[in-house]
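Asker: Whatever this is, show me its structure:
(4 chains)
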There are 2 protein chains.
Amino acid sequence: MRNAEFDREQVLRSAMNAFMRKGYANTSMQDLKKATGLHPGSIYCAFENKRGLLLEALEQYRLDRSAEFEQFFSASQKTIDNLKLYLDNVVVECLSCDNTQACLMTKALNETAEQDIEIQQIISNNLSMLQQAFTEKFEQAKEEKGISAHKDCEHLARYFLMGIYGLRTFAQTHPEPEVLKQLAEQLYQDVLR
Amino acid sequence: MRNAEFDREQVLRSAMNAFMRKGYANTSMQDLKKATGLHPGSIYCAFENKRGLLLEALEQYRLDRSAEFEQFFSASQKTIDNLKLYLDNVVVECLSCDNTQACLMTKALNETAEQDIEIQQIISNNLSMLQQAFTEKFEQAKEEKGISAHKDCEHLARYFLMGIYGLRTFAQTHPEPEVLKQLAEQLYQDVLR
DNA sequence: TTCCTTCTTGAATGTTCGTTCAAGATACTC
DNA sequence: GAGTATCTTGAACGAACATTCAAGAAGGAA
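Answerer: Residues are numbered from 1 along each chain as shown, chains lettered A, B, ... in the order given. Just a heads-up that it's a prediction; the model follows:
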């Protein structure tokens, strides 16, 4: 027997970043080789093919973001404040030029639209989970009297998510800190109101 | 002498749709041949190369959308109502499955990010023009007393555009009419308030 | 009609892509 | 320490890609 030499999670995160930077179609096996340090044969042995690597990278991304999400909501006692922290972090992410700048989910969603139904479905499910997570946080905020009792938490979650999508796209053309912060602030106020 | 047989605008619109459906990288010359009815040689003769075709398609898209934009604001006397009409139309577009479903600008923006700076710049400029057009409409609405006098029209335009971006992305995963209409309604209310 | 210019055609080109595979390297088992 | 199962390597593969180009078709001028 012999174990694989590479760290699977680390490889997946490298692939994740490569896909986010150039998109799925524009990331060649050579790019992936350079990014992951794995030779083509190893990639095909471990992930079946390029698409399999994307599928696992998407799942790793979901896990990582899910963990990150929960971390934000252990920061303060008040859920509504943590939602603001989360939103502010989106802005920070948008502004970090050296980083990937976009969300792997929405990036892959845009690219595989009407082409790969399975990937489309997986991403839809993942984003639905995120939406559900937001819904729960808004319900929690309602219990804490952070938002008014007559609000529809599902709607708030959808609106919040829509705002985040929009913020990310907007940031691609106008990555000006003040503007993005102002937009995020307004989104937060509109959700609270 | 001899004139070209094809209608340039019609070819550009066909290419536009092909690029929107599959994305730039995933649209092959064969796809473009099928979509436009032009043979590779003609395409290269008329547009230099695939990228040149995208560049002209982007410009045609801008022109078409610009004309469509102005049409919305000749519908009613009140600018604020026309903004609602525009927003409702975005929802309708999102829901028309047979159609392209996405905006060529944001689609290409996502795909060429950090890869083709020139295209990136062109799209940024085009989206800035749209933002500017919205700003002017909001200022017009302010003069008509449709929105309160102390509002920052530039900010409103940015927020409105952000909402539209978000709506489009959201629709890709959840194309449910009631949900999208509710989101658009809330966006409109938040902008008015 | 004849000639010339321009457009159209589609097969051919070189390149790059994702993918495969056989040889070599390595660690575990007995 | 020999044997073996598994992983790693990277050259090689066919397919698909964007692009080219020479031959053919067609309109305008004379």
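Asker: so how far is residue A:191 from residue A:79?
Answerer: 12 Å (CB to CB, to the nearest Å). Any C-beta I mention is one placed from the backbone N, CA and C, and that applies to glycine too.
Asker: Compare these two (neighbour count), which wins?
Answerer: residue A:191 (24 against 19; other CB atoms under 10 Å in any protein chain shown).
Asker: Residue A:166: which element?
Answerer: For residue A:166, the host element (DSSP states H and E) is helix A:153-173.
Asker: relative orientation of that helix and helix B:153-173 in degrees?
Answerer: 110 degrees (axes from the mean of the first three to the mean of the last three CA atoms, to 10 degrees).
Asker: count of neighbours near the spatially closest residue to residue A:116 that is not a sequence neighbour?
Answerer: Excluding its sequence neighbours, the residue lying closest to residue A:116 (CB to CB, 6 or more residues apart in numbering or on different chains) is residue A:51, at 7.7 Å. By other CB under 10 Å, 14 other residues sit near residue A:51.
Asker: Roughly how far does the residue of chain A found nearest chain B sit from DNA strand D?
Answerer: Per CB to the nearest CB, residue A:166 is where chain A lies closest to chain B, at 3.0 Å. Computed as CB to the nearest atom of the strand, to the nearest Å, the residue A:166 to DNA strand D distance reads 30 Å.
Asker: Pretty sure that residue sits against residue B:160.
Answerer: No. Using CB atoms under 8 Å as the test, residue A:166 is too far from residue B:160 to be in contact (9.8 Å).
Asker: and those two? which has more neighbours close in?
Answerer: Just comparing residue A:166 and residue B:160: by other CB under 10 Å the higher neighbour count belongs to residue A:166, 26 against 23.
Asker: Not counting sequence-adjacent ones, nearest residue to that one?
Answerer: In space, residue A:166 is closest to residue B:166, 3.0 Å off (CB to CB, 6+ apart).
Asker: ok, the longest helix seen in chain A near DNA strand C or not?
Answerer: Ordering each helix of chain A by length in residues (DSSP state H) puts helix A:117-143 first. No. On the criterion CB under 7 Å from any atom of the strand, helix A:117-143 is out of touch with DNA strand C, staying 13.6 Å away.
Asker: Give the buried residues for that helix.
Answerer: For helix A:117-143, the neighbour count (16 or more other CB atoms under 10 Å in any protein chain shown) marks A:119-120, A:122-123, A:126-127, A:130-131, A:133-135, A:137-142 as buried.
Asker: And the helix or strand residue A:32 falls within, how far out from the chain middle?
Answerer: Taking DSSP H and E as the criterion, residue A:32 maps to helix A:29-36. Centroid separation for helix A:29-36 versus its chain: 22 Å, with CA atoms, centre = their mean, to the nearest Å.
Asker: Which elements pack onto that helix?
Answerer: helix A:8-22, helix A:40-47, helix A:50-72 (3 or more CB pairs under 8 Å, 6 or more residues apart in numbering or on different chains; DSSP states H and E).
Asker: mean confidence for the first one?
Answerer: In this case it means helix A:8-22. Averaged across helix A:8-22, pLDDT comes to 95.
Asker: What angle do helix A:29-36 and that helix make with each other?
Answerer: In terms of direction (the same axes, to 10 degrees), helix A:8-22 departs from helix A:29-36 by 130 degrees.
Asker: So what angle separates the directions of helix A:8-22 and helix A:40-47?
Answerer: Using the same axes, to 10 degrees, helix A:8-22 lies at 110 degrees relative to helix A:40-47.
Asker: Point out the other helices and strands that helix A:8-22 packs with.
Answerer: So helix A:8-22, by 3+ CB pairs under 8 Å, 6+ apart, packs with helix A:29-36, helix A:50-72, helix A:104-112.
Asker: before we move on, what about the longest one?
Answerer: Using 3+ CB pairs under 8 Å, 6+ apart as the contact criterion, the neighbours of helix A:50-72 among helices and strands are helix A:8-22, helix A:29-36, helix A:40-47, helix A:79-95, helix A:104-112, helix A:117-143.
Asker: Pull out the buried positions in that helix.
Answerer: A:50, A:53-58, A:60-62, A:65, A:69, A:72.
Asker: Please report how far residue A:156 lies from residue A:188.
Answerer: 11 Å.
Asker: more crowded one of the two?
Answerer: More crowded of residue A:156 and residue A:188, by other CB under 10 Å: residue A:156, with 23 against 18.
Asker: pLDDT wise, what is that one at?
Answerer: Residue A:156 is given a pLDDT of 98.
Asker: gap between it and DNA strand D?
Answerer: Taken as CB to the nearest atom of the strand, the span from residue A:156 to DNA strand D is 43 Å.
Asker: same check, this time on residue A:46
Answerer: Distance from residue A:46 to DNA strand D, by CB to the nearest atom of the strand: 6 Å.
Asker: now residue A:129
Answerer: Counting by CB to the nearest atom of the strand, the separation of residue A:129 from DNA strand D is 31 Å.
Asker: can you count the residues close to the residue of chain A found nearest DNA strand C?
Answerer: Residue of chain A nearest DNA strand C, by CB to the nearest atom of the strand: residue A:41 (2.9 Å). Counted by other CB under 10 Å, the residues lying close to residue A:41 total 8.
Asker: Quick check: closest non-adjacent residue to the most centrally placed residue in chain A.
Answerer: Most central in chain A under CA atoms, centre = their mean is residue A:103, positioned 4.5 Å from the mean C-alpha point. Leaving out its chain neighbours, the residue that sits closest to residue A:103 by CB to CB, 6+ apart is residue A:168, at 6.2 Å.
Asker: Also residue A:132?
Answerer: residue A:157 (7.6 Å).
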